[in-house]
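**Q** need coordinates for the below:
(2 chains)
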2 protein chains.
Amino acid sequence: MLGIIRVLTTTDEHILLEHSRLMEERYPIKTVTHCIEQQPYGVHDEKTLAESIPKIVQLAKEMASQYELDALTISCAGDPALDETRLAINIPVIGAGICGAHCAAMAGNKVGVIGITDAPPERLKKELADSFFSYSYVPNLRKSTDLFGENAKKELTDKINEIIKNGANTILFACTGFSTIHLKKYLSQKISIPVIDLVDAQAMAYQILKREVNE
Amino acid sequence: MLGIIRVLTTTDEHILLEHSRLMEERYPIKTVTHCIEQQPYGVHDEKTLAESIPKIVQLAKEMASQYELDALTISCAGDPALDETRLAINIPVIGAGICGAHCAAMAGNKVGVIGITDAPPERLKKELADSFFSYSYVPNLRKSTDLFGENAKKELTDKINEIIKNGANTILFACTGFSTIHLKKYLSQKISIPVIDLVDAQAMAYQILKREVNE
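**A** A predicted model of the protein is given here:
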């Protein structure tokens, strides 16, 4: 079973369990999800990032002792507390941003990253290394909640077409909110280069970690 | 369908189709495999690497025009001709070494690489970047054919236990011959950290590239 940490405080079960549901439907992967406390707006700046780190480590310890986990993932493009959590518990720990970066670097060597922040997540960009091509966002889509707007998917698609025209051969989402609005499905009939979704990327990494050898 | 290029000339269908068979059994993935000509000992030094490049590019062009391929993979830890092939054809091209490196870097941050050559494949090491931890080989297992020896799996396991004792948190095979002898299955009851097999890694990358959105 994969433990999922959401770096956003919510009591709405539908929001909390969205990444679980996507992984269970698409692969299927058995998961358990918890979220950190007292961060209703998640991690969106240096201060909220620093605050999240001890909470993620503590939650990871609790989940690792409470459940039979094969691995644990921090489901946030910024990979907060990844190194600290790896030191704190004895099972493999993965993070959405790193998984996305490496899935994208397997798929192509000019990765166009699209997100909602001013700059790409640092760790994600570092792990992409020479495969990083560009970073973009849509000026009026800057909060997860903006993504539920009527034209959001159309505007993101226009931006992605611009990134491809500029030379990218792979698209990497740098926001798990794009998974929630099913942007990859919307794009699937509209563009022909690989698109890496962060929930898919975490599911892939988990399959690599736990794959039993069926022979 | 995934096109597989084997960088080793063989008329033995069992050897030729081994990577196809492993992918079809384990995932399943539909594949077609061809091998380059006049390299019965594969790629094992600078000269044979240089010779292989135009042959791989030519074979990739033929396969891309002959079959309905979603992607093509160069199934060799050294990733020969990867950049050249990406320029030559219009479908995503992946390579065993790069896929292995990125699967390993998703799984852990201290990757112990084990192969049969004097040094790790250059591109694989480069893509691992900061996640590279060490490179090892077993002195008397230096050719693919040595791997069929009676004690090969036991000797490789002893070496892998030494790598883990030294501090690696993930093991990456840098030889597709380890897939052929089913080393990962042999290890699965003996060690507890993630083990990345290059055939599995290529299958993962292909799933990322082609995954249709089933919702």
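
**Q** what about the nearest residue to A:Tyr27 once chain neighbours are set aside, which helix or strand?
**A** Using Cβ to Cβ, 6 or more residues apart in numbering or on different chains and skipping the chain neighbours, the partner closest in space to A:Tyr27 is A:Ala203 (5.1 Å). (C-beta placed from N, C-alpha, C; glycine too.) A:Ala203 is part of helix A:198-210 when elements are defined by DSSP states H and E.

**Q** for chain A, give me the ranges with low pLDDT.
**A** For chain A, the stretches with pLDDT under 70 are A:211-215.

**Q** near chain B, which residues of it show up?
**A** On the criterion Cβ under 8 Å from any Cβ of the partner chain, chain B has as its neighbours in chain A the residues A:25-26, A:83, A:86, A:92, A:94, A:98-99, A:102-103, A:105-109, A:127, A:129, A:169, A:182, A:184-185, A:188, A:193-194, A:196, A:200-201, A:204-205, A:207-209, A:211-215.

**Q** only whichever of those are buried, select them in ChimeraX.
**A** The ChimeraX selection below is limited to those of the residues of chain A next to chain B classed as buried (16 or more other Cβ atoms under 10 Å in any protein chain shown):
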select /A:26,86,92,94,98,99,102,103,105,106,107,108,109,127,169,184,193,194,196,200,201,204,205,207,208,209,211,213
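
**Q** mind listing which of the residues of chain A next to chain B are in strands?
**A** Applying DSSP state E to the residues of chain A next to chain B, the entries found in strands are A:Ile94, A:Ile196.

**Q** pull the longest helix from chain A.
**A** Looking across chain A with DSSP state H, the single longest helix is helix A:46-66.

**Q** show me what contacts the residue nearest to A:Tyr27?
**A** Listed by Cβ atoms under 8 Å, 6 or more residues apart in numbering or on different chains, the contact set of A:Ala203 reads A:Met23, A:Arg26, A:Tyr27, A:Ile29.

**Q** could you work out the most separated pair of those?
**A** A:Arg26 and A:Ile29 (8.2 Å; Cβ to Cβ).

**Q** now the nearest residue to A:Ala168 once chain neighbours are set aside. Its backbone dihedrals?
**A** Distances taken as Cβ to Cβ, 6+ apart place A:Gly112 nearest to A:Ala168, at 3.0 Å, with adjacent residues excluded. Phi and psi for A:Gly112, reported as degrees, to the nearest 10, are phi -90, psi 120.

**Q** from chain B, how far off is A:Gly112?
**A** 14 Å (Cβ to the nearest Cβ, to the nearest Å).

**Q** residue contacts, that residue?
**A** By Cβ under 8 Å, 6+ apart, the contact list for A:Gly112 reads A:Phe133, A:Ser134, A:Ser136, A:Ile160, A:Ile163, A:Ile164, A:Asn166, A:Ala168, A:Thr170, A:Ile171, A:Leu172.

**Q** show me what A:Ala71 is bridged to.
**A** A:Leu2 (DSSP bridges).

**Q** I'd say it and A:Lys210 touch.
**A** Yes. Counting by Cβ atoms under 8 Å, A:Ala71 touches A:Lys210, with 6.5 Å between them.

**Q** between those two, which contacts overlap?
**A** Common contacts of A:Ala71 and A:Lys210, defined by Cβ under 8 Å, 6+ apart, comprise A:Leu2.

**Q** who's more crowded, these two?
**A** A:Ala71 (19 against 15; other Cβ atoms under 10 Å in any protein chain shown).

**Q** so who does that one touch?
**A** By Cβ under 8 Å, 6+ apart, the contact set of A:Ala71 is A:Leu2, A:Gly3, A:Ile91, A:Pro92, A:Val93, A:Ile94, A:Tyr206, A:Leu209, A:Lys210.

**Q** by neighbours, which of the contacts of A:Gly112 wins?
**A** Neighbour tally across those (other Cβ under 10 Å): the maximum, 32 neighbours, falls on A:Leu172.

**Q** spell out the secondary structure type for A:Phe39.
**A** Wrong residue type there; residue A:39 is Gln, not Phe. Classification of A:Gln39 by DSSP: H, G, I helix; E, B strand; the rest coil places it in coil.

**Q** that one and A:Val7 touch, don't they?
**A** Yes. A:Gln39 is within contact range of A:Val7, at 6.9 Å (criterion: Cβ under 8 Å).

**Q** between these two, point out the one with more neighbours.
**A** Taking other Cβ under 10 Å, A:Gln39 and A:Val7 do not tie; A:Val7 has more neighbours (26 against 19).

**Q** so that one sits right up against A:Pro80, yeah?
**A** Yes. If you go by Cβ under 8 Å, A:Val7 and A:Pro80 touch, sitting 6.0 Å apart.

**Q** who touches both of the two?
**A** A:Val43, A:Ser52, A:Ile56, A:Ile74.

**Q** between the residues you listed, which sits nearest chain B?
**A** Using Cβ to the nearest Cβ, A:Ile74 comes nearest to chain B of these, at 12.7 Å.

**Q** give me every residue that touches that closest one.
**A** Contacts of A:Ile74 were listed using Cβ under 8 Å, 6+ apart, and they are A:Ile5, A:Val7, A:Ile56, A:Pro80, A:Ala81, A:Leu82, A:Thr85, A:Val93, A:Ile94, A:Gly95, A:Ala96.

**Q** tell me how chain A divides into domains.
**A** A:2-96+A:202-210, A:98-198 (automatic domain parsing).

**Q** list the beta-bridge partners for A:Thr31.
**A** Bridge pairing for A:Thr31 (DSSP bridges) gives the partners A:Leu2.

**Q** ah, wrong one, I meant A:Gly115
**A** On the basis of DSSP bridges, A:Gly115 is bridged to A:Tyr137.

**Q** for it, which residues are in contact?
**A** A:Ala77, A:Pro121, A:Tyr135, A:Ser136, A:Tyr137, A:Phe173, A:Ala174, A:Cys175.

**Q** the residues you listed into TSV, with extra columns for distance to B:Leu16 and secondary structure?
**A** Shown next, in TSV, are those (distance: Cβ to Cβ, whole Å; DSSP: H, G, I helix; E, B strand; the rest coil):
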residue	distance to B:Leu16	secondary structure
A:Ala77	42	coil
A:Pro121	43	coil
A:Tyr135	43	strand
A:Ser136	44	strand
A:Tyr137	47	strand
A:Phe173	38	strand
A:Ala174	41	coil
A:Cys175	43	coil
